[in-house]
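Engineer: Sequence and computational prediction follow.
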Amino acid sequence: MELQNRIISHFSDNIQTQQAAMESLLEIIEFGAQRMAGVLLNDKKILTCGNGSAALTARHLASALLNPFERERPGLPVIVLETDNAIVGNTHPDDVFARQIRALGQTGDLLIAYSNGDKTASISKAVVAAHDKGVGIIALTGDNNHSLSPLLNEMDLEIRVPSIYNKRIEETHLLISHCLVDLVDHQIFGG
């Protein structure tokens with residue numbers, strides 16, 4: 001019974017976090033999807049990155065944009081910024097995303113950066129590089145992130161999950177990503 005109670009606790013915490021996010025983030029998620037669709041309709045691309053386990057969510061977003069999500073449609077232009085040493089060579093870990101943004105980013109592109117914790121040096125440098133290149137930013141964060149938010153400017157968008165727990169933030173980032181892709185598909189390809 002003890003193990004089952006732990007399972008119930010995980011599900012309950014997840015449901016509470018998802019509910020709080022839905023209630024507080026509806027408009028900002030909608031606005032984020034509108035920004036994404038606008039970028040894509042203007043023949044620009046989306047860059048995405050994440051640190052630690054958030055890198056998996058960034059990859060998931062890219063896969064959902066590049067491949068059919070819930071309908072058959074052409075792939076959308078998205079690049080996952082890499083942390084793989086075969087790609088980034090001897091780049092300092094904190095500079096890994098910034099270096100790629102400086103090489104690949106163009107004015108009008110959009111960076112979607114995931115951070116589910118407060119270890120954000122690589123994401124922070126990516127934000128600075130994006131600003132320098134005229135790349136817009138959507139940052140998906142949580143209430144445990146105190147170093148990234150001050151770097152964002154009035155043109156950037158922060159989708160902040162109302163939780164301090166990394167796993168609840170990560171789970172909610174995945175759901176938000178699904179919402180964003182669905183809304184992009186709906187705006188570009190219709191109902």
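Structural biologist: Perfect, I can see it now.

Engineer: can you give me how far the lengthiest strand in the chain is from the chain middle?
Structural biologist: In the chain, with assignment by DSSP state E, the single longest strand is strand 136-142. The chain centre lies 6 Å from the centre of strand 136-142; the measure is C-alpha atoms, centre = their mean, to the nearest Å.

Engineer: Kindly report the same for stretch 22-39.
Structural biologist: 12 Å.

Engineer: just stretch 137-147 next, same as before
Structural biologist: Chain-centre distance of stretch 137-147: 10 Å, with C-alpha atoms, centre = their mean.

Engineer: counting contacts, what elements does the longest helix seen in the chain pack onto?
Structural biologist: In the chain, taking DSSP state H as the definition, the longest helix is helix 2-41. Judged by 3 or more C-beta pairs under 8 Å, 6 or more residues apart in numbering; DSSP states H and E, helix 2-41 is in contact with strand 46-50, strand 110-114, strand 136-142, strand 157-161, helix 166-189. The C-beta positions use only the backbone N, C-alpha and C, and glycine is treated the same way.

Engineer: Can you tell me what sits against stretch 58-76?
Structural biologist: The contact list for stretch 58-76 (C-beta atoms under 8 Å, 6 or more residues apart in numbering) reads 40, 46, 48-50, 78-81, 112-114, 174, 177-178, 180-182, 184-185, 188-189.

Engineer: Could you export stretch 32-43 as CSV, CA atoms only?
Structural biologist: The C-alpha coordinates for stretch 32-43 follow below in CSV (Å, rounded to 0.1, in the frame of the first residue of the first chain):
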residue,chain,number,x,y,z
GLY,A,32,3.2,31.9,-27.7
ALA,A,33,1.5,29.8,-30.4
GLN,A,34,0.6,32.9,-32.3
ARG,A,35,4.2,34.1,-32.2
MET,A,36,5.4,30.7,-33.4
ALA,A,37,2.9,30.6,-36.3
GLY,A,38,3.9,34.2,-37.2
VAL,A,39,7.5,33.3,-37.4
LEU,A,40,6.8,30.2,-39.5
LEU,A,41,4.4,32.1,-41.9
ASN,A,42,7.2,34.7,-42.4
ASP,A,43,9.5,31.9,-43.7
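
Engineer: Name the residues of it that are buried.
Structural biologist: Residues 32-33, 35-37, 39-40 are the ones in stretch 32-43 that count as buried (16 or more other C-beta atoms under 10 Å).

Engineer: One more: stretch 171-190?
Structural biologist: Taking 16+ other C-beta under 10 Å as the criterion, stretch 171-190 shows 171-177, 179-181, 183-185 as buried.

Engineer: for stretch 132-141, same thing?
Structural biologist: For stretch 132-141, by 16+ other C-beta under 10 Å, it's 133, 135-141.

Engineer: likewise stretch 55-69?
Structural biologist: Buried positions in stretch 55-69, judged by neighbour count with 16+ other C-beta under 10 Å: 55, 57-62, 64-66, 69.
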